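Trainee: compute the structure for the input listed below.
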Amino acid sequence: MRLDFQNKKWILLVIVLVLLFRLFIQLSLYKAGFISVEYFIENSGAALAPTLAGAIALATNKQTAILSVCVTAWVLCFFLYLGALFFISSEAQALRDQMRERAEHEQLRHTAG
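Mentor: Numbering: from 1, shown residues only. Reported below is the predicted structural model:
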């Protein structure tokens with residue numbers, strides 16, 4: 001079967017749009033995957049905290065149990081945020097570059113079309 005198209009610009013435009021759509025979907029899937037892992041970790045901690053507090057309370061008392069669970073969570077969050085501070089600037093710059101490329105591509109597409 002042979003297809004004969006008169007206007008080849010439309011074919012190129014459709015191919016570019018399909019590729020951009022696939023790229024957008026792929027980036028969205030990565031983002032959704034990361035968010036789901038983050039929610040899993042967050043909910044696991046929320047589910048295990050009362051159990052851990054109960055186990056510590058059996059060994060010591062309620063005040064020590066609640067205090068130790070809270071302080072441990074705060075310390076873990078502190079170190080995670082401290083680690084994120086080292087990577088956030090490069091990640092933000094990469095995102096800005098990516099958004100700039102998308103905007104330039106959209107401008108070219110609108111001016112050419």
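Trainee: any stretches of the chain with poor pLDDT?
Mentor: Flagging of the chain using pLDDT under 70 yields the residue ranges 1-8, 10-11, 19-30, 113.
Trainee: for the residue nearest the centre of it, give its distance to Q93.
Mentor: Nearest to the mean C-alpha position of the chain, counting by CA atoms, centre = their mean, stands K31 at 3.7 Å. Distance check for K31 against Q93: by CB to CB, to the nearest Å, it reads 18 Å. The C-beta positions use only the backbone N, C-alpha and C, and glycine is treated the same way.
Trainee: where does the residue nearest to the centre of the chain land in three-state SS?
Mentor: Put simply, K31 is helix when judged by DSSP: H, G, I helix; E, B strand; the rest coil.
Trainee: what does the one 10 residues further on give?
Mentor: Under the three-state scheme (three-state DSSP), the conformation of I41 reads as helix.
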